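A.B. asks: Below is the sequence, then the predicted model.
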Amino acid sequence: MMYFPVFLDLSQQVPVLSGVFFLTHLILLLQPVELNSEEVKVIGPGEPILALVGEEVEFSCYLSPYLDAEDMEIRWFRSQTSDVVHLYRGGQELHSQQMVQFHNRTKLIKDFIMDGMVNLKLHGIIPADEGLYGCRFLSTNFSREAIWELEVAGLGSDPHISLEGFKEGGIQLRCSSSGWYPKPQAQWKDHKGQCLSPEMEAIVQDAQSLFNLETSVVVQGDAHNNVSCSIQNSFLIQKKEFTIQIAERLQTELDWRRAEGQAEWRAAQQYAVDVTLDPASAHHSLEVSEDGKSVSSCTAVPGPVMGDPQRFSEQTCVLSCQHFSGGRHYWEVHVGRRSRWFLGVCLATVPRMGPAQLSPASGYWVMGLWNHCEYFVLDPHRIALTLRVPPRRVGIFLDWEAGKLSFFNVSDGSHIFTFTDTFSGTLSAYFRPRAHDGGEHPDPLTICPLPVRRTFILEEDERDAWLQPYGPSDPTLGLW
């Protein structure tokens, strides 16, 4: 038997051994790795998130390193984990655990949950949503969370500028806007870009915590130039601005209000009634005509000054024979150029002696003129009325069921003032010529005959007033 020596070539064996080692290493890599819980992190938004009121925001959270989170509990919360915004547990979303504030407002995006990534959408953002938020991943061997801040801002509605009337020798403008958050800042500017000081500014929050703003300014001088109102959200560094061409807008507003007032006045005329004065109700210092249509003061007794607390104590009035406990009634009274008078209605049973005030609280709904130029009502406090054309004839319309008593300037067909109240008794027409003050025109108060004229009456010496620029006593821009 022969023996042949065998020599092992170790260089041929190396590749075989390396392949075994590689396969073993690959198998180890494919096996689950037990990570140290200290190494797991939750990554959330790195910076505060800004959301706009009414819109949608999305929060993103994920695990690092990537882990399958499908069987974990994922909790979205406000400030503390017990305030649940959205809860995912055991493969289900538990909406019953949410805070009431977030019901039907959240949507969980879990397309990549097996990679440890989830997103939460929150829609219909409101100011109350701002604050701290967090997301927490919870498994059997670790619990981690991330915290961030949500900031909320609201860009309100476009400013609206309205003409309020003439005041203090200028034109009063009012600017309003709503839906701002946080508290906005308003600024008036003239046509040169110069800031105007506001006459008034009011900023209030509504039930949704949004800010509504109203501000006014009195513009002096060049009324034909532009004036702008801008409202800025300092948080967003954005603003909204509205510019008004005063002269153009003024003419449009005047035409509209005059047309509306004349339409209302003409509608009231169809309820014209024949009113006469009751001599038995007249104060002894008054003289009622035989036909019961006119009343004047018998003597020229100086009236009390406006500051006198007894200025209403005389009650030198006369009431109508007619009583009104329902329906609609219209009559006109010629006041001429008297310097003092009061007209309206009162409760038929109200005392006409003593220091009764001519206000609704005392059963009187009247307007008056004092010393030629000061028209006013008491509702219940004194309200000055601005009339461009002095009324020589006043129309009075009573709508008993609607609780309205309106006054019209028949001289130009404009509306003067309307009382709105609840009438609970029988009313009489009220006339008070006041004592004659020695003026040039001691005209009586005269009830105009029927039928009532259907067009406004402009006396000759007043026609030029319509050709003048709009001045500080335009009736259509007074108290409406």
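C.D. replies: Received, thanks. Residues are numbered from 1 along each chain as shown.
A.B. asks: neighbours around the residue nearest to residue 273 when sequence neighbours are not counted, how many?
C.D. replies: Closest residue to residue 273 apart from its sequence neighbours, by Cβ to Cβ, 6 or more residues apart in numbering: residue 329 at 4.8 Å. Every residue, glycine included, has its C-beta placed from N, CA and C. The local packing of residue 329 (other Cβ atoms under 10 Å) involves 22 other residues.
A.B. asks: can you pull up the bridge partners for residue 329?
C.D. replies: residue 398 (DSSP bridges).
A.B. asks: close enough to count as contact, it and residue 270?
C.D. replies: No: taking Cβ atoms under 8 Å as the definition, residue 329 is not a contact partner of residue 270, at 11.1 Å.
A.B. asks: Identify the residue nearest residue 71 in space, chain neighbours excluded?
C.D. replies: Residue 71's closest residue in space is residue 91 (Cβ to Cβ, 6+ apart), at 7.1 Å.
A.B. asks: And that neighbour, what's its pLDDT?
C.D. replies: Per-residue confidence at residue 91 stands at 92 (pLDDT).
A.B. asks: One more: residue 262?
C.D. replies: Confidence score, pLDDT, at residue 262: 81.
A.B. asks: hmm, back to that, I'd like the distance between the residue nearest to residue 273 and residue 423.
C.D. replies: Remark: distance between residue 329 and residue 423 (Cβ to Cβ, to the nearest Å) = 12 Å.
A.B. asks: Could you tell me which residues touch both of those two?
C.D. replies: residue 400 (Cβ atoms under 8 Å, 6 or more residues apart in numbering).
A.B. asks: buried ones in stretch 78-90?
C.D. replies: 78, 83, 84, 85, 86, 87, 88 (16 or more other Cβ atoms under 10 Å).
A.B. asks: give me the number of residues near the nearest residue to residue 275 once chain neighbours are set aside?
C.D. replies: Spatially, and ignoring its direct neighbours in sequence, residue 275 is nearest to residue 331 (4.5 Å; Cβ to Cβ, 6+ apart). Neighbour count for residue 331, taken as other Cβ under 10 Å: 22.
A.B. asks: just checking, residue 331 touches residue 393?
C.D. replies: No: the criterion here is Cβ under 8 Å, and residue 331 misses it with residue 393 at 10.8 Å.
A.B. asks: Now the common contact residues for those two.
C.D. replies: residue 448.
A.B. asks: tell me which residues of stretch 199-211 are tucked away?
C.D. replies: Using 16+ other Cβ under 10 Å as the test for burial, stretch 199-211 gives 199, 210, 211.
A.B. asks: Now do the nearest residue in space to the last one that is not next to it in sequence against residue 66, distance only.
C.D. replies: In this case it means residue 211. Residue nearest to residue 211 in three dimensions, not counting chain neighbours: residue 180, with 4.4 Å by Cβ to Cβ, 6+ apart. Per Cβ to Cβ, residue 180 is found 43 Å from residue 66.
A.B. asks: Equivalent analysis for residue 80, please.
C.D. replies: 28 Å.
A.B. asks: Likewise for residue 186?
C.D. replies: Distance from residue 186 to residue 66, by Cβ to Cβ: 51 Å.
A.B. asks: The two: who's more crowded?
C.D. replies: residue 186 (21 against 12).
A.B. asks: Contacts only, for the more buried one.
C.D. replies: Taking Cβ under 8 Å, 6+ apart, one finds 175, 198, 201, 213, 215, 229, 230, 231, 232 in contact with residue 186.
A.B. asks: what about burial for these, which qualify?
C.D. replies: Buried, going by 16+ other Cβ under 10 Å: 175, 198, 213, 215, 229, 230, 231, 232, out of the contacts of residue 186.
A.B. asks: Now name the helix or strand holding the first one.
C.D. replies: In this structure, residue 175 is located in strand 170-180 according to DSSP states H and E.
A.B. asks: what does the fifth one give?
C.D. replies: Taking DSSP H and E as the definition, one finds residue 229 inside strand 226-233.
A.B. asks: List the neighbouring strands of that strand plus their orientation.
C.D. replies: Assessed with DSSP bridges, strand 226-233 is paired to strand 185-190 (antiparallel), strand 238-245 (antiparallel).
A.B. asks: between those strands, which gets nearest to residue 415?
C.D. replies: Distance to residue 415, taken as Cβ to Cβ, is lowest for strand 238-245 among those, at 23.7 Å.
A.B. asks: I'd like the mean pLDDT over that closest one, please.
C.D. replies: pLDDT averaged over strand 238-245 gives 92.
A.B. asks: Report how many residues lie close to the nearest residue to residue 88 once chain neighbours are set aside.
C.D. replies: Nearest non-adjacent residue to residue 88, counting by Cβ to Cβ, 6+ apart: residue 74, 4.3 Å away. Residues contacting residue 74 under the criterion other Cβ under 10 Å number 24.
A.B. asks: which residues touch residue 74?
C.D. replies: Residue 74 touches 61, 87, 88, 89, 118, 135, 136, 137, 138, counting by Cβ under 8 Å, 6+ apart.
A.B. asks: Which strands border the host helix or strand of it, and is each parallel or antiparallel?
C.D. replies: Per DSSP H and E: residue 74 is located in strand 73-78. Strand 73-78 sits in its sheet next to strand 80-89 (antiparallel), strand 131-138 (antiparallel), going by DSSP bridges.
A.B. asks: between the contacts of residue 74, which is nearest residue 289?
C.D. replies: residue 87 (87.5 Å).
A.B. asks: correct me, but that closest one touches residue 106?
C.D. replies: No: with contact defined as Cβ under 8 Å, residue 87 does not reach residue 106; the gap is 9.9 Å.
A.B. asks: Overlap in contacts, those two.
C.D. replies: With Cβ under 8 Å, 6+ apart as the test, residue 87 and residue 106 both reach 76, 98.
A.B. asks: about what we covered before: and the strands paired with strand 226-233, which is most packed in?
C.D. replies: Comparing the strands paired with strand 226-233 on average neighbours per residue, with mean count of other Cβ atoms under 10 Å, the densest one is strand 185-190 at a mean of 18.
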